[in-house]
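Visitor: The amino acid sequence is not available; the structure is as follows:
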């Protein structure tokens, strides 16, 4: 019997003195691994939510530009077009300093920008036109219409730094001026 007890004690000593269970060090290492994994997942979720907001704002800006350019085009590209009469919340403002647009789009319509806030995101829209081709014999002209929508200054500075949404199209003017 004495020989069995000695063999049993030797086996126990070889296993670290414990028959079953986890040590405190093993539990702490497992906890640290889980915390690091959870922080990584939260970090990823935070950035995904931020990029989702940016994507929604870009879609709203593109839809705003599309609405304006289609409505303006339906008037024949009139230089008297005013989006504020649509009743959708467009308000004319003086062109702010530093409001830049791509080259070659022509003159600003009504020397103004139009502000609107959609889904809590303030935007500024500038409408520009340029007569690009005239045919005196046919009494017809081609006018380029462009809408530039950029994000206005607010607490979300990442939107202000983004490129503006620019849409352009053409409309044929006839002898009756539209």
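Guide: Yes, it's here. Remember, predicted model here, so these are calculated numbers, not experimental data. Numbering: from 1, shown residues only.
Visitor: Give me the buried positions along stretch 143-153.
Guide: For stretch 143-153, the neighbour count (16 or more other Cβ atoms under 10 Å) marks 143, 144, 145, 146, 147, 148, 149, 150, 151, 152 as buried. All C-beta atoms are positioned from the backbone trio N, CA, C, and that covers glycine.
Visitor: so which helix or strand takes in the residue nearest the centre of the chain?
Guide: In the chain, the centroid-proximal residue (Cα atoms, centre = their mean) is residue 54; its distance is 3.0 Å. Element membership for residue 54, per DSSP states H and E: helix 24-74.
Visitor: quick one: average confidence on that helix?
Guide: For helix 24-74, mean pLDDT is 90.
Visitor: on that earlier part again, now the buried residues of stretch 143-153 in TSV, with pLDDT, secondary structure and distance to residue 76?
Guide: Shown next, in TSV, are the buried residues of stretch 143-153 (pLDDT from 0 to 100; DSSP: H, G, I helix; E, B strand; the rest coil; distance: Cβ to Cβ, whole Å):
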residue	pLDDT	secondary structure	distance to residue 76
143	90	strand	9
144	91	strand	13
145	93	strand	10
146	93	strand	16
147	94	strand	16
148	93	strand	21
149	92	strand	22
150	90	strand	26
151	87	strand	30
152	81	coil	30
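Visitor: From these, pick the one nearest residue 20.
Guide: Closest approach to residue 20 among these (Cβ to Cβ): residue 151, at 61.6 Å.
Visitor: The closest one reaches residue 125, doesn't it?
Guide: No. If you go by Cβ atoms under 8 Å, residue 151 and residue 125 don't touch, sitting 10.8 Å apart.
Visitor: from what I can see the residue nearest to the centre of the chain touches residue 162, true?
Guide: Yes. At 7.4 Å, residue 54 counts as touching residue 162 under the criterion of Cβ under 8 Å.
Visitor: neighbouring contacts of the helix or strand that the helix holding residue 54 is followed by?
Guide: Note on helix 24-74: by DSSP H and E, the next helix or strand toward the C-terminus is strand 91-93. Applying Cβ atoms under 8 Å, 6 or more residues apart in numbering, the contact partners of strand 91-93 are 82, 84, 110, 112, 113, 114, 115, 116, 124.
Visitor: give me that answer again for 10 Å
Guide: With Cβ atoms under 10 Å, 6 or more residues apart in numbering as the test, strand 91-93 has contacts from 82-84, 99, 110-117, 124, 152.
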